[in-house]
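**Student:** generate a structure from the sequence data that follows.
(one chain, ligands or ions: 3)
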Amino acid sequence: MSDRITVTMDQKVISAPAGVTILKLARDHKIFIPTLCYLEHVSDIGSCRLCVVEVEGYDSLLPACRTKAEDGMVITTESPRLTKYRREMLNLILSNHDQDCMTCPANGRCELQALCNRYGVKRSSYQGSGRESKRRYPLVEDNPYLSYDPNKCIHCQRCIGACQELVGNGVLGNRGSGTTHVLETPFGKNYKTSGCETCGNCANVCPTGALTTKREAGYQSWEVKRVRTTCPHCATGCQLNLIVKDQQIVNAEPADGPSNHGLLCVKGRFGSIDFVHANDRLKKPLIKDRATGSFREVSWDEAISYTARHFLALKEQYGADSLAGFACSRSTNEDIYMVQKMVRTCFGTNNTDNCARVCHSATVTGLAKTLGSGAMTNPIADITQDVDCILLVGSNPEEAHPVVGMQIRKAVRNGTKLIVVDPRSIGLTKMADVHLKLRPGTNVAFANGMMHVMIQEKLFDEVYVQEHTEGFEELKRMVESYTPERVGEICHIDPDQLVEAARMYATAKKAPIIYCLGVTEHSTGTEGVMSMSNMAALCGKIGRSGCGVNPLRGQNNVQGACDMGAQPTDYPGYQKVDNPEVRAKFEKAWGVTLNPLPGLKATDVFPAAIEGKIKGLYICGEDPIVSDPDTHHIEKALESLEFLVVQDLFLTKTAKYADVVLPGISFAEKEGTFTNTERRVQRVRKAVTLEGEMRPDTEILIDLMNAMGYPQKHMTPAQIMEEIAQVTPSFRGISHERLDAVGGLQWPCPSPEHPGTPIMHVGQPARGKALFYPAEYQASRELPDEEYPLILMTGRILYHYNAAAMTSRAPGLVDLSGEGFIEVNYRDAKRLGIANGERIRVGSRRGEITATARVGRKVSEGETWMPFHFEDSPVNVLTNAALDEFARIPEYKVCAVWIKKM
Ligand code: SF4
Ligand code: SF4
Ligand code: SF4
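**Tutor:** Ligands and ions are numbered 1, 2, ... in the order given. From the prediction side, this is the model:
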């Protein structure tokens, strides 16, 4: 049988691969066939009957969505017979569809309306049971963002398919049949407990006004423009359109990007708007009167000259290394590049860093050491589609990277095996083949145990080890003592399950390791990362499709913040500041003599401030009082400074300590780029200009640089990217112009012709050979004792992000989850007399807070877990600032606490 066919469609002769449907063939050749229920890759139930076509030799009409095109077919897609038939179908559909089009939020984008117009159907001639706005069914609209009007539902089932197949959640169902059929939707009174994630992906595919986002009621489709940009929350890098009416963002909708494939999560879809237009946005620069502690509004000229004068005076008095400047992992690559350039050229120090220090610096350091590049090795699509097994360690993507979580759920439903290694029973554990519910802080022992089994059972890739690695013998010796029994004891896991997991991962053809902060945020975080790399290299799962070591980076542009050189040891592109040749290159490019000494890491800057070594600090868009461990220690550090400048959208807790506050602008008001977790540089585009004196961050920085005596010419973000490309070999082929043309590029992209690098280490690891780093297990720094008998872990939840500066300004997200809580094991709760929902006290050696107890089995006995987003439960008052020796990342994931009734 030939693998190609030839058909005639509307008198056009078309050649196509065998096996395609008539509908697909038509769409591929831009021939219109109407559909209402069909959704590509999701639903082809053929119930609307609108896609029927005539095929020569067949008496009956055939549904194009379900009929395969066959060689020699002669197909007609429009004819008087088809028109008559489609009119009749529309007539039937309309009989049970409210026609209040004038006030319907879908007016103008409704597919049913468009087809009725096309086929001249104005009203139904049938008396359906719900015809003409006799509302049989009440609206279901308790959910803050989504609304279901059963009276407009045409029962196409697209939404059910989207929730099941794309989102992998399956919380929509059917009730009744025939004319009494409605959807069982989770948007009613129980919307908080229904399991619905309020992602809105169902509303996105509804062809009518039945299932809508409530924001749609605020505009008509012809009144708005759409601005394609990149989500400002997590590093998945989802593409979205901001919908803008008169300088107001009125909605956001998914766009089809390489990492999100037309999906968004609740934060991207509903949490990307309110903070931009929030009433408490800073609108003017502020200078604090140190005597009174109050701020006064000042002009930009005054703010810039005051700031420059004070930094220069401190430099003069205490030396360049008494100053430091942090970039913001939320802002664009162009902003970040200018922050580190200002710190290096004007302050004269390498004391620059970004918040990767407290989340994934262990990744940057660890993977650079073992593989030669500290970044995710494979693209998201590559590690979630068509893989045999996923080893998910210390990562809860359903909440922290939800669109990745959706793709993992889909993969598992399609047969991919899943190993979850996590101290908590996260959502994905329900789907897992193996869940290793290990003791917090024991990742290194777990990995050593896995490798022990792989070596003992000869499951590893001997050829890869021989040809592409070094240090195998030492690793082999080291893991010898990590027997499943010993590891079972250290990790509190079943040794047999460890063996099962090792076999499953090692023998799978395509198996990525995906990990997150559960691996990095430990005092042995870098060794945890290197242990992930050890496992992958041992099994030869590096440099191959569907494999690799894949850290899910946290904030939207934390990858970019590291790439752009907001690091004390590296210029942009991980070029080392202590390499004389590299330094000479940057001195030539920037026209100054540069400091040869690596700077202080952010987590060392705060103790240095307390010791009086750091006197002046510039913080762009970070809120360390909320986000860094041991809040009182950070407060003390900020109080110790002689001069603090904060550039932000809001008067954050950290900004309140500042001497000068400079109002910047949000992602929706600027041009630039973000780099997502898979190293993909994507465009950020300006959607609105808002009232106020806020200024683009790059312009503020350029003014400051000039005021400090560095002749920085004015540059647009596109021109800044040109400069980045000139000084950064891995970005040499990247420009705004090219990104606008191709959508996104994954670095390394060394020339304008280079297509970017989806998979790293192909052929051989970037450092030549993968290094096996033999890491012995070391216990966490602060373990439970009699006084502090429980382990506290921290993490993210679906509805908020980090310090919640953005998400807490979305009332709907606060409604969905607005209160700090602590997960407590039911046995501990029973012992302590704590009831579910009760507000309790939580204390560590560093402080005490309150939180609402969630009692259950998510955490093991002796362990607790808290999210770090909520003002009413500021968990970083409790966390430990113990640092990893390599990357200086703090141990957010383990500290010892007590819990008590109020
Ligand atoms: S909002 Fe998302 S999770 Fe909820 S029903 Fe719709 S698709 Fe499913
Ligand atoms: S709500 Fe919309 S997508 Fe879902 S079945 Fe009804 S018409 Fe179809
Ligand atoms: S998964 Fe991340 S990038 Fe995507 S919409 Fe959600 S928050 Fe935004």
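**Student:** and the helix ranked longest in the chain, what other elements does it pack with?
**Tutor:** Counting by DSSP state H, the longest helix found in the chain is helix 300-318. Helix 300-318 is packed against strand 286-288, strand 323-326, strand 616-620, strand 643-648, strand 660-663, helix 697-707, with contacts defined by 3 or more CB pairs under 8 Å, 6 or more residues apart in numbering; DSSP states H and E. C-betas here are computed from N, CA, C, even on glycine.
**Student:** contact partners for the most centrally placed residue in the chain?
**Tutor:** Per CA atoms, centre = their mean, the C-alpha nearest to the average position across the chain is that of Cys234, at 2.7 Å. Applying CB atoms under 8 Å, 6 or more residues apart in numbering to Cys234 gives the contacts Lys267, Ala400, His401, Pro402, Gly554, Gln555, Asn556, Tyr801.
**Student:** so the last one is in which element?
**Tutor:** No secondary structure element spans Tyr801, as it lies outside all helices and strands (assigned by DSSP states H and E).
**Student:** sorry, back to before: could you dump the contacts of Cys234 to JSON lines with pLDDT and secondary structure?
**Tutor:** Output for those, formatted as JSON lines (pLDDT from 0 to 100; DSSP: H, G, I helix; E, B strand; the rest coil):
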{"residue": "Lys267", "pLDDT": "96", "secondary structure": "helix"}
{"residue": "Ala400", "pLDDT": "95", "secondary structure": "helix"}
{"residue": "His401", "pLDDT": "96", "secondary structure": "coil"}
{"residue": "Pro402", "pLDDT": "97", "secondary structure": "helix"}
{"residue": "Gly554", "pLDDT": "86", "secondary structure": "coil"}
{"residue": "Gln555", "pLDDT": "88", "secondary structure": "strand"}
{"residue": "Asn556", "pLDDT": "92", "secondary structure": "coil"}
{"residue": "Tyr801", "pLDDT": "87", "secondary structure": "coil"}
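**Student:** what does the chain put close to ligand 1?
**Tutor:** Residues of the chain lying close to ligand 1 (CB under 6 Å from any ligand atom) are 146, 162-163, 167, 169, 171-172, 186, 196-202.
**Student:** out of these, which is nearest to ligand 3?
**Tutor:** Cys199 (8.2 Å; CB to the nearest ligand atom).
**Student:** distance of that closest one relative to Ile243?
**Tutor:** Computed as CB to CB, to the nearest Å, the Cys199 to Ile243 distance reads 17 Å.
**Student:** helix, strand or coil for His633?
**Tutor:** State at His633, reduced to three classes by DSSP: H, G, I helix; E, B strand; the rest coil: helix.
**Student:** give the rounded mean pLDDT of stretch 633-648.
**Tutor:** Per-region confidence: stretch 633-648 scores 96 on mean pLDDT.
**Student:** phi and psi next, for Pro711.
**Tutor:** Phi and psi for Pro711, reported as degrees, to the nearest 10, are phi -80, psi 80.
**Student:** next one: the residue nearest to it when sequence neighbours are not counted from ligand 1, what distance?
**Tutor:** Once flanking residues are discounted, Pro711 sits nearest to Gly591: 7.7 Å by CB to CB, 6 or more residues apart in numbering. Applying CB to the nearest ligand atom, to the nearest Å, the value for Gly591 to ligand 1 is 53 Å.
**Student:** now the helices for the stretch 51-200 of the chain?
**Tutor:** 80-94, 111-119, 158-161 (DSSP state H, counting those that start in this stretch).
**Student:** so which bits of the longest one are buried?
**Tutor:** Taking 16 or more other CB atoms under 10 Å as the neighbour-count basis, helix 80-94 is seen to contain the buried residues Leu82, Tyr85, Arg86, Arg87, Met89, Leu90, Asn91, Leu92, Ile93, Leu94.
**Student:** quick revisit: now the contacts of Cys234 as a markdown table including neighbour count?
**Tutor:** Shown next, in a markdown table, are the contacts of Cys234 (neighbours: other CB atoms under 10 Å):
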| residue | neighbour count |
| --- | --- |
| Lys267 | 25 |
| Ala400 | 24 |
| His401 | 29 |
| Pro402 | 26 |
| Gly554 | 25 |
| Gln555 | 25 |
| Asn556 | 30 |
| Tyr801 | 24 |
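**Student:** could you list which of those residues also contact ligand 3?
**Tutor:** Within the contacts of Cys234, those near ligand 3 by CB under 6 Å from any ligand atom are Lys267, His401, Pro402.
**Student:** test my guess that the first one contacts Ser817.
**Tutor:** In this case it means Lys267. No. Lys267 is beyond contact range of Ser817, at 11.2 Å (criterion: CB atoms under 8 Å).
**Student:** between the two, which contacts overlap?
**Tutor:** Common neighbours of Lys267 and Ser817, using CB under 8 Å, 6+ apart, are Leu798, Tyr799, His800.
**Student:** ok, so of those, who is nearest ligand 1?
**Tutor:** So of the shared contacts of Lys267 and Ser817, ranked by how close each gets to ligand 1 (CB to the nearest ligand atom), first place is Leu798, at 10.5 Å.
**Student:** returning to that earlier point: out of the shared contacts of Lys267 and Ser817, who's nearest Ala252?
**Tutor:** The closest of those to Ala252 turns out to be Tyr799 (CB to CB; 15.6 Å).
**Student:** which SS class is that closest one?
**Tutor:** At Tyr799 the chain is in coil, as set by three-state DSSP.
**Student:** leaving aside the residues adjacent along the chain, what's closest to it?
**Tutor:** Ser817 (4.2 Å).
**Student:** surely that neighbour touches His800?
**Tutor:** Yes. Taking contacts as CB under 8 Å, Ser817 lies within contact range of His800: 6.7 Å.
**Student:** give me the more crowded residue out of these two.
**Tutor:** His800 (27 against 18; other CB atoms under 10 Å).
**Student:** any idea how far the more buried one lies from Gly812?
**Tutor:** For His800 relative to Gly812 (CB to CB), the value is 12 Å.
**Student:** what pLDDT, on average, does the strand or helix carrying Ala853 get?
**Tutor:** Per DSSP H and E: Ala853 is located in strand 847-856. Average pLDDT, strand 847-856: 96.
**Student:** packing partners for the helix or strand following it?
**Tutor:** Sequence order places strand 863-867 as the next helix or strand after strand 847-856, per DSSP H and E. For strand 863-867, the packing partners by 3+ CB pairs under 8 Å, 6+ apart come out as strand 790-795, strand 821-825.
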